[in-house]
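>>> Quick one, what's the 3D model for this:
(2 chains)
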Protein chains: 2
Amino acid sequence: MKYCFGVDLGGTTVKLGLFEENGNVVEKWEIITNTKNEGEAILPDIAKSISDKMVEKKIDQKDVVGVGMGVPAPVTAEGNVNGSANLGWKYKEVKKELETLLGLAVMVGNDANVAALGEMWKGGGSGEKNMIMVTLGTGVGGGIISDGHIVIGNNGAGGEIGHLCVNYEETEVCGCGNKGCLEQYASATGIVRLAKKKLARETRVTKLVQETVTAKDVFDCVKEGDLVAIEIAQDFGYYLGYALANICTLMDPAVIVIGGGVSKAGEILLEFVEKAFQERVFFANKDVKFALARLGNDAGIYGAAKLILEN
Amino acid sequence: MKYCFGVDLGGTTVKLGLFEENGNVVEKWEIITNTKNEGEAILPDIAKSISDKMVEKKIDQKDVVGVGMGVPAPVTAEGNVNGSANLGWKYKEVKKELETLLGLAVMVGNDANVAALGEMWKGGGSGEKNMIMVTLGTGVGGGIISDGHIVIGNNGAGGEIGHLCVNYEETEVCGCGNKGCLEQYASATGIVRLAKKKLARETRVTKLVQETVTAKDVFDCVKEGDLVAIEIAQDFGYYLGYALANICTLMDPAVIVIGGGVSKAGEILLEFVEKAFQERVFFANKDVKFALARLGNDAGIYGAAKLILEN
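Sure thing, here's the model as predicted:
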C-alpha cells in the first residue's frame, strides 16, 4: 500500500490528511499556523508533523508518494509563492523548501484551485475532467480544471472567478480596486449589499431586516416564499449565472460545482443560478451540469493529495 | 532526422506542411477539399497526399512522428467530431480513421485552437506556455493555451472567445442566437456594424461612408486622424479590451496574440485594445503582453505539427 499526505495551509490552522493512494483517508488532524517572523516556522512545523505521523504509523519513506499542499496565495507552476499576506511570507520557493525538509516529492498549488481539484476527485465533480468550481464565502473564490489539470496561469493567478467583471456600470469599488466584480454580488457580503440596497427603498412586507440581513436570511426567506427575498436571490442568480455562462464559453466544462458557506442554502440556490445561466449560455454548453460541493472543509486536503498523486 | 506533417483542413482547401522536428518547414502545399457525399473523400485524399509526399521525398514511415490536423469544428480530446457544416461531415472519428488510413499516429484539434498553438510555438506567443489567441476575421475566433496545452473542453468547444457576452443590453442577435457576443463588436462585420450605427447619426466631417464602410476603412482613417473613425476604434477597443481583461482573470496568460484580417491594421489596433484592457484588468494580470500574430495563414499547419510533436 502506498500513501500520500494532503496539506491545506490556512492563516490560522494547517489541516493535514494521510491518504491511501485510492483516496481513502487514514487520518486527519490539524496544527496551528505560526505566522511569527514572516512565517518562518510554518514549513518546518508541517514537515515535523508529517515525519511524526510516519513514525507513529510506521510508514516507510519509500511507501510515500509525496506531499501535496494548498497555500493561500498565487502559486506558480514551479511551486513558488511571491508573498502571502495571510502567512507573512515574502517570496518563497515552497515546493523546494518542503522537499528539502522532508526528502519527499512535494507539489504546491493555490488553495482555492487545489480545493477545486479535490471536489473533482471525490466531491461534486467526481468522474469529470473539465470543471469549474466557485466558492461563495466572504468573498468569491474559484478554481478551473481543464482536462484534469488546474489552470495555474503565468503568475499562479488562474481561476480568479470572483474578480470577473459582471457589471460595467457599478460605481462601488471591490476589494481588488476594480468595479463590478462578481464578488460584489455573489459572495455572502455581496448578497448582503444587494439586500440592503433593495430593502432601503422597499415598501412591500418582508421578514428581512435592512440593518441585520445576512445571506442566510435571504435564502431562508426565499424558502418561505418572501417575494422581496426572491427578487434578491434572482439578482444574485443573474450575476452568478451570467458569469458562469461566460466562463463556459471559454472552458466548456462538464460540470460546475458551487461551494462555500452561501451554498449551504442548498438546491434552491442552484435553481436561481441555473435559470439565469440557461438564458445566456452558448449553445455548445447547454448541457453542463450543476452540483453542490460535497467535501466541505476537507476539499483542500483531498485536492492536495490528488495534486501529488497525479504528478 | 525525424519529420511530421501538419494539416489545416478548411472548407475549400486543405493546407499541408512537411516539417522537421525542430519546426523547420521542408515544404508546404495545398489540395482541394472535396465535400461531396458528406465529405467522404476528405480523409482519403489527405492520406494519399501525405503518402505521395513521403514517396517523393523518400521519407520512411519510421522517420515520421505522425500527423497533426486542425478541423473546422469542435473536436473532442479523443479526436472525434460531432458534425462539421463546412465539410459535410456528420459524426466522425477523425483521429482513428486517419490513423487507419496512414498507419501513423494522428492528433486532431479544432482549427482555431490549433492555430493558437502554432502562434505559441513559432509566432506571436513564442517562448510562452500560457496564451490567449483571438482571431478577428469575419467572425471572432480564438484559442486558449494553458501550461502548453489547448483548452479543449468537454465537447471540444473550449476557447469560443467570440461568443463571450460583453453587452447585456444588446438588442440585435448574434449568429449563435445570443445577444451581446464579442463577435458583434470586434469582428470585421462587427466593426462595420458599429461604424454604420455611428455614421447614421454623425454630423461631423469624416472620410468614412456609411453605405460602403469596411473595418479597413475605419483603421485607415484612424491613421489619418479622423475623429469619427477614432471613436469607432475606441468602441471596438473597449469591447475587446474588457473581454480580454475578463479572460485574463480566469486564465492568467503571459501573452495575448491578436490575429485575423482585422489585425492587419497593425500596432495602432493594439493601442486601442491595450488602453481599454488596462482600465479593467485584475491587478495580477497587469503585465500581460500583447502581440500581433506572425504566422498568418500558416498558423494552422504549424500548430498541427506542434500538436503531434508534443503528443
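>>> which residue sits closest to A:Tyr157, ignoring its sequence neighbours?
Just to correct that, residue A:157 is Ala rather than Tyr. In space, A:Ala157 comes closest to B:Ala284 once its chain neighbours are excluded; the distance is 3.8 Å by Cβ to Cβ, 6 or more residues apart in numbering or on different chains. Backbone N, C-alpha and C define where each C-beta goes, glycine included.
>>> so how far is chain B from the residue nearest in space to the middle of chain A?
Closest to where the C-alpha atoms of chain A average out (Cα atoms, centre = their mean) is A:Ala112, at 3.5 Å. Remark: distance between A:Ala112 and chain B (Cβ to the nearest Cβ, to the nearest Å) = 13 Å.
>>> about what we covered before: what's the separation between the residue nearest to A:Ala157 and B:Asp252?
7 Å (Cβ to Cβ, to the nearest Å).
>>> Same question for A:Pro74.
Computed with Cβ to Cβ, the distance linking A:Pro74 and B:Asp252 is 8 Å.
>>> Check the contact lists of the two and give me the overlap.
Taking Cβ atoms under 8 Å, 6 or more residues apart in numbering or on different chains as the contact rule, A:Pro74 and B:Asp252 both touch A:155-157, B:284.
>>> that older thread, list residues touching both of B:Ala284 and B:Asp252?
Counting by Cβ under 8 Å, 6+ apart, the residues touching both B:Ala284 and B:Asp252 are A:155, A:157, A:160.
>>> which residue ranges form the strands in chain A?
Taking DSSP state E as the test, the strands found in chain A are A:3-9, A:13-20, A:25-32, A:64-71, A:80-84, A:89-93, A:106-110, A:131-136, A:140-146, A:149-150, A:255-259, A:289-292.
>>> Quick check: chain neighbours aside, which residue is closest to A:Leu104?
Of all residues beyond its chain neighbours, the one nearest A:Leu104 is A:Gly66 (5.0 Å), with distances taken as Cβ to Cβ, 6+ apart.
>>> pretty sure that neighbour contacts A:Cys4?
Yes: the criterion here is Cβ atoms under 8 Å, and A:Gly66 meets it with A:Cys4 at 5.9 Å.
>>> Which one's more surrounded, the two?
Under the criterion of other Cβ atoms under 10 Å in any protein chain shown, the comparison of A:Gly66 against A:Cys4 puts A:Cys4 first, with 26 against 20.
>>> you'd agree the more buried one is up against A:Leu307?
No: taking Cβ under 8 Å as the definition, A:Cys4 is not a contact partner of A:Leu307, at 9.3 Å.
>>> what's the overlap in contacts for these two?
Counting by Cβ under 8 Å, 6+ apart, the residues touching both A:Cys4 and A:Leu307 are A:Gly68.
>>> ok, back up a step: higher neighbour count, B:Ala284 and B:Asp252?
Of the pair B:Ala284 and B:Asp252, B:Asp252 is the one with more neighbours under other Cβ under 10 Å, namely 24 against 21.
>>> Look up the closest residue to that one, ignoring the ones flanking it.
The spatially closest residue to B:Asp252, leaving aside those adjacent along the chain, is A:Gly153, at 2.4 Å (Cβ to Cβ, 6+ apart).
>>> quick one, phi/psi of the one you found?
The phi and psi values for A:Gly153, taken as degrees, to the nearest 10, are phi 90, psi 180.
>>> ok, so what distance separates it from A:Leu208?
Noted for A:Gly153: a distance of 39 Å to A:Leu208, by Cβ to Cβ.
>>> Pick out whichever of the two has more residues nearby.
A direct count of neighbours by other Cβ under 10 Å for A:Gly153 and A:Leu208 places A:Gly153 higher, at 30 against 20.
>>> Isn't the more buried one up against B:Thr249?
No: look at A:Gly153 against B:Thr249 with Cβ under 8 Å: they stay out of range, at 9.9 Å.
>>> For A:Glu93, name its beta-bridge partners.
The bridge-partner assignment for A:Glu93, based on DSSP bridges, gives A:Asn80.
>>> For it, which residues are in contact?
A:78-80.
>>> Identify the spatial nearest neighbour of A:Val140, chain neighbours not counted.
Once its chain neighbours are removed from consideration, A:Val140 has its nearest residue in A:Gly162; the separation is 3.2 Å (Cβ to Cβ, 6+ apart).
>>> any idea how far B:Gly237 is from that neighbour?
Summarising the geometry, the distance separating A:Gly162 from B:Gly237, computed by Cβ to Cβ, is 26 Å.
>>> For these two, indicate the residue with more neighbours.
Counting neighbours by other Cβ under 10 Å for A:Gly162 and for B:Gly237 shows that A:Gly162 has the greater number, 27 against 22.
>>> before we move on, the earlier item: pull out the buried residues from the contacts of A:Glu93.
Burial of those was assessed by neighbour count (16 or more other Cβ atoms under 10 Å in any protein chain shown); the buried members are A:79-80.
>>> Done for today, thanks.
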